[in-house]
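Trainee: this is the structure alone, sequence omitted:
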């Protein structure tokens, strides 16, 4: 995982593509390019019988340039950072700020790729990828891009609550349990079936001892580490779901209903302000109406019509 700072100054974690997956994606693209080049050579050879030899050579050079440079540039521009090989392996080229790849960046990568792979047999790309923390080749360094993996690994289902420990788990004090330690226990439970019995028991006792130092009360006698950790994590997840459900069900203090008179606090004869019933301000006395047929005279002498 690697952190990417977006243009809005938001830190986002992305999974940087590893070198083997990038190499396999390049081999797929390389096979497609060589297939197109061979077909172009056959067509140009057949056409050279009826055309000039210099014209056939120019067409052959044009085809080679279009395939070696135009193929990655066109595909990555149209598909927003994915060639056929990257599409097959779930990879994508993105900008260093996490945005989609632009045509300028795809052109830089295509031109640099011609030198890296077709001129120097991929040696510069391999050396640069091994030295760079994000596995960038020269084209990525020049273009300001990064290759990431879009297919996240399948996560194990959350642990279930052992029925015999449900009543005990409801009394747990989990405020002292840190997120890092909970993630450690979750990873141990997800790999429990893959570990040898000796490693499973030793690691389970170690993780359970660390969690029991932050959680109270202690488990009942005879509870194995796996069941203890599963009960703690299941109870922690249950309480978090309850908390989120309460937050979502709580009506907002200022919502669409706040646009009406009740939202503004007008109720009965007073104005409701933050739960306090304030008295209605006194109404100014109305001026006496003039007799019908007569109109008040303004200070300027103008008499408005009746």
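Mentor: Looks like it came in fine. Predicted model only: the values in this text are computed from it and were never measured.

Trainee: pull the number of nearby residues for the closest residue in space to residue 91 that isn't next to it in sequence.
Mentor: Distances taken as Cβ to Cβ, 6 or more residues apart in numbering put residue 17 closest to residue 91, at 5.0 Å, once the chain neighbours are dropped. Using the backbone N, CA and C atoms, a C-beta is placed for each residue, glycine as well. Using other Cβ atoms under 10 Å, residue 17 is surrounded by 22 other residues.

Trainee: list phi and psi for residue 17.
Mentor: phi -70, psi 140 (degrees, to the nearest 10).

Trainee: what's the separation between residue 127 and residue 35?
Mentor: 28 Å (Cβ to Cβ, to the nearest Å).

Trainee: what's the answer for residue 114, then?
Mentor: Taken as Cβ to Cβ, the span from residue 114 to residue 35 is 18 Å.

Trainee: these two: which is more packed in?
Mentor: More neighbours surround residue 114 than the other of residue 114 and residue 35, with 16 against 11 (other Cβ under 10 Å).

Trainee: low-confidence stretches in the stretch 1-150 of the chain?
Mentor: Along the stretch 1-150 of the chain, segments meeting pLDDT under 70 span 1-14.

Trainee: redo that, cut-off 90
Mentor: Scanning the stretch 1-150 of the chain for pLDDT under 90 picks out 1-19, 40-64, 80, 96-100, 118-119, 121-122, 130, 132-135, 148-150.

Trainee: so for residue 305, what pLDDT did the model give?
Mentor: Residue 305 carries a pLDDT value of 40.

Trainee: distance of the closest residue to residue 147 other than its chain neighbours relative to residue 243?
Mentor: Nearest residue to residue 147 in three dimensions, chain neighbours excluded: residue 17, at 4.3 Å (Cβ to Cβ, 6+ apart). As defined by Cβ to Cβ, residue 17 lies at a distance of 37 Å from residue 243.

Trainee: can you name the residues that contact the residue nearest to residue 91?
Mentor: 91, 135, 147, 148, 149 (Cβ atoms under 8 Å, 6 or more residues apart in numbering).

Trainee: quick one: which of these is most hemmed in?
Mentor: residue 147 (25 neighbours).

Trainee: so which strand or helix has that one?
Mentor: Assigning secondary structure by DSSP states H and E places residue 147 in strand 145-149.

Trainee: how near is the residue lying closest to residue 111 once chain neighbours are set aside to residue 28?
Mentor: Leaving aside its chain neighbours, residue 111 sits nearest to residue 69 (6.4 Å; criterion: Cβ to Cβ, 6+ apart). Taking Cβ to Cβ as the criterion, residue 69 is separated from residue 28 by 18 Å.

Trainee: tell me where this protein has strands.
Mentor: For the chain, the strands defined by DSSP state E occupy 2-5, 11-14, 91-95, 145-149, 266-267, 270-273, 276-279.

Trainee: and the contacts of the third one?
Mentor: Contacts of strand 91-95 from elsewhere in the structure, counted by Cβ under 8 Å, 6+ apart, are 4, 14, 17, 21-22, 25, 76, 80-82, 85-86, 100-102, 105-106, 109, 140, 144-150.
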